[in-house]
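A.B. asks: Build the 3D model from these lines:
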Amino acid sequence: MKRKQKRFLQMTLLFMVALIFLPNIGLWSLYKDKHLVKSTEPGEQQTFPLGLGDGQFYAWTDGLRRKDWHDYESIQKEAMRSGKGEHGKPYPLTEEDHDDSAYRENGFNIFVSNNIALERSLPDIRHANCKHKMYLERLPNTSIIIPFHNEGWTSLLRTIHSIINRTPESLIAEIILVDDFSDREATEVRGHVKTNCGNSQHVGKLRTALTFKKSSVLPISRQLF
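C.D. replies: Residues are numbered from 1 along each chain as shown. Here you go, the predicted structure:
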């Protein structure tokens with residue numbers, strides 16, 4: 001009986017502590033997001049709210065400078081785009097366009113992929129608070145590793161276009177395409193890469209990415225599947 005009472009008291013105390021501290025953590029996060037310090041001259045600080053425009057640098061009170069990395073010109077251009085598949089909208093298919101073989105071969109309708117622009121626009125599905133996030137002014141560049149196996153050429157190429165168009169140039173060191181022993185002819189890929197990387201057998205995308213991580217020129221790399 002005493003053991004049950006002791007456990008009940010422990011759970012009650014834990015609940016009260018969580019009730020007190022968790023809301024305060026959330027409020028502190030909100031406070032940090034809304035109170036930045038704009039960097040001017042050395043030793044000079046001035047507080048501003050978020051959203052003052054492009055090219056401005058901010059720092060927390062810890063002295064680390066942050067900036068808005070958004071490319072607002074590109075965002076505006078994307079918002080004006082129209083056409084099939086733009087903004088993630090469904091691609092209209094006629095009865096003749098429905099081909100089961102296209103699904104069996106790629107897992108999706110390659111006919112649709114071939115008829116959507118490589119630089120198609122995408123909806124911004126981030127949480128509203130994420131759209132105002134400031135990131136460090138100086139970030140390390142990275143190698144991006146994309147393993148593929150019998151991938152549709154246009155979908156693979158669209159992935160590369162999205163990376164290049166939506167990532168600041170200074171943050172991309174290289175893009176590595178790794179062929180995970182595709183048994184389909186991949187002449188399109190071989191004609192666009194500097195060095196051919198591939199497996200001698202099919203091992204899966206995760207293992208492929210980890211294996212060829214050593215091919216990266218940088219210690220920091222990102223794997224896309």
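A.B. asks: What segments of this structure are strands?
C.D. replies: Applying DSSP state E to the chain gives strands spanning 36-39, 45-48, 57-59, 65-67, 135-136, 142-148, 172-179, 221-223.
A.B. asks: Of those strands, which shows the lowest average pLDDT?
C.D. replies: With a mean of 40, strand 45-48 has the lowest mean pLDDT of the strands of the chain.
A.B. asks: Low-confidence regions, the protein specifically.
C.D. replies: 1-3, 17-19, 21-62, 102, 184-225 (pLDDT under 70).
A.B. asks: all helices for the protein, in order.
C.D. replies: 2-34, 72-79, 100-106, 110-114, 153-166, 187-190, 205-211 (DSSP state H).
A.B. asks: how about stretch 159-173: buried residues?
C.D. replies: Along stretch 159-173, these residues count as buried under the neighbour rule (16 or more other CB atoms under 10 Å): 159-160, 167, 173. (Glycine included, C-beta is placed from N, CA and C.)
A.B. asks: can I get those residues in TSV with distance to residue 138?
C.D. replies: Below are these laid out as TSV (distance: CB to CB, whole Å):
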residue	distance to residue 138
159	27
160	26
167	16
173	15
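A.B. asks: Tell me which two of the residues you listed sit farthest apart.
C.D. replies: Maximum pairwise distance among those (CB to CB): 17.3 Å, between 159 and 173.
A.B. asks: Just give me the closest of the buried residues of stretch 159-173 to residue 134.
C.D. replies: Nearest to residue 134 among the buried residues of stretch 159-173, with distances taken as CB to CB, is residue 167, at 17.2 Å.
A.B. asks: so what's the closest one up against?
C.D. replies: The neighbourhood of residue 167, defined by CB atoms under 8 Å, 6 or more residues apart in numbering, contains no residues.
A.B. asks: Distance check, it against residue 144.
C.D. replies: Using CB to CB, to the nearest Å, residue 167 is found at 8 Å from residue 144.
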